[in-house]
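# Dropping a prediction and its sequence here:
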Amino acid sequence: MVCVTGLVSLAVGCRYLQVVYLRRCVNVGDDAIVALARNCRQLRDLNLGGCTLVTDASLLALAEHSSLLSSINFSRANVRYCPIANSYSFELTRTVGLNTQQ
């Protein structure tokens, strides 16, 4: 089972992560994703599908800190607003799961 503490430690210790697949990790929430966004600036591919504790706060952090992100899935996450799709800071060229429908 993936836990927040483990993901935060991973983000701090592995700053060059490029692909993170957390699909259906129901214990993963904003604290872990914000840590990934702030620490893993090389992040390119992120799957958060089914991570129901992930909210708009995570996507705001990704939009602010993850300029290399080219693929993200946050289907079935608890997201109401999609700052990544509307972000002026960068534009995703290949987007997976930009579906905020639950």
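Yes, it's here.
# any low-confidence regions in the protein?
81-102 (pLDDT under 70).
# what about 50?
For the chain, the stretches with pLDDT under 50 are 87-102.
# which residues of it fall in strands?
19-21, 45-47, 71-73 (DSSP state E).
# Of those strands, which is nearest Val28?
Each of the strands of the chain has some distance to Val28 by Cβ to Cβ; the shortest is strand 19-21, at 10.0 Å. In this view, the C-beta of every residue, glycine as well, is placed from N, C-alpha and C.
# Quick check: neighbours of that closest one in the sheet, parallel or antiparallel?
strand 45-47 (parallel) (DSSP bridges).
# So what touches the partner strand?
Residues external to strand 45-47 that are found in contact with it (Cβ atoms under 8 Å, 6 or more residues apart in numbering): 18-23, 36, 62, 66, 69-73, 96-97.
# Separate out the buried members of the residues you listed.
Buried members of these, counted by 16 or more other Cβ atoms under 10 Å: Val20, Leu22, Leu36, Leu62, Ser66, Leu69, Ser70, Ile72, Asn73, Val96, Gly97.
# Next up, the contacts around the fourth one.
With Cβ under 8 Å, 6+ apart as the criterion, the residues that contact Leu62 are Ile33, Ala37, Leu43, Leu46, Leu69, Ile72, Ile84.
# Could you identify which of these has the most neighbours?
The residue in these with the most neighbours, by other Cβ atoms under 10 Å, is Ile33 (30 neighbours).
# isn't that one right next to Ala61, touching?
Yes. Judged on Cβ atoms under 8 Å, Ile33 makes contact with Ala61 at a distance of 6.7 Å.
# returning to what we had before: could the strands of the chain go into CSV alongside distance to Leu53?
Below are the strands of the chain laid out as CSV (distance: least, Cβ to Cβ, whole Å):
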stretch, distance to Leu53
strand 19-21, 16
strand 45-47, 15
strand 71-73, 15
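# From what I see, Gly49 and Asn73 are in contact.
Yes. Gly49 lies in contact with Asn73 (Cβ under 8 Å); the separation is 4.4 Å.
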